[in-house]
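Below is the structure, and that's it, no one-letter string:
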């Protein structure tokens with residue numbers, strides 16, 4: 001009987017500690033969510049926002065350059081100094097600019113920090 005009471009007491013203490021841990025995690029999640037929402041609101045209110053969403057990946061394959069040329073081109077694309085305008089479709093000429101390998105992807109911005117051109121520079125195979 002004494003051992004059963006001890007086991008029940010240990011289970012209750014474990015449940016209380018588990019609940020306190022969950023409350024701690026929920027509190028941190030809410031504070032982090034509030035902070036990120038506040039920062040997002042501050043950025044959206046700023047008119048000089050950089051419209052670029054990168055994950056730190058500047059090195060892209062040649063297949064992405066093909067995809068960028070074939071896909072919807074909102075901005076002009078420059079591949080190794082050769083301009084590919086948004087309103088022309090001479091794909092044979094454009095594909096002759098591309099070499100096999102990796103390219104560095106950069107963006108050119110205007111005075112308002114809006115993207116005006118996508119730049120691809122050849123790195124290596």
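It's in. Note that the structure is a prediction, hence the values are computed from the model and not measured.

alpha carbons only for contacts and neighbour counts from here, please
Noted.

I'd guess residue 22 is in a strand, am I close?
No. Residue 22 is assigned helix when assessed by DSSP: H, G, I helix; E, B strand; the rest coil, not a strand.

confidence score at it?
pLDDT recorded at residue 22 is 96.

Next: residue 27.
As predicted, residue 27 sits at a pLDDT of 94.

helices or strands up against the strand or helix carrying it?
Residue 27 is part of helix 2-45 when elements are defined by DSSP states H and E. Applying 3 or more CA pairs under 8 Å, 6 or more residues apart in numbering; DSSP states H and E, we find helix 2-45 packed against no helix or strand.

Would you mark the buried spots in the helix or strand following it?
Using DSSP H and E, the helix or strand that follows helix 2-45 in sequence is strand 59-61. Buried positions in strand 59-61, judged by neighbour count with 16 or more other CA atoms under 10 Å: 60, 61.

so what secondary structure elements neighbour the helix or strand following strand 59-61?
Next helix or strand after strand 59-61 toward the C-terminus (DSSP H and E): helix 62-70. Applying 3+ CA pairs under 8 Å, 6+ apart, one finds that helix 62-70 contacts helix 91-96.

Show me what the helix it packs on is in contact with.
The contact list for helix 91-96 (CA atoms under 8 Å, 6 or more residues apart in numbering) reads 66, 69, 70, 84.

Have a look at the protein and report its longest strand.
Secondary structure assigned by DSSP state E gives strand 115-124 as the longest strand of the chain.

what lines up beside it in the sheet?
Sheet pairing of strand 115-124 (DSSP bridges) gives strand 77-79 (parallel), strand 102-109 (antiparallel).

tell me the domain ranges of the chain?
1-55, 57-123 (the TED database).
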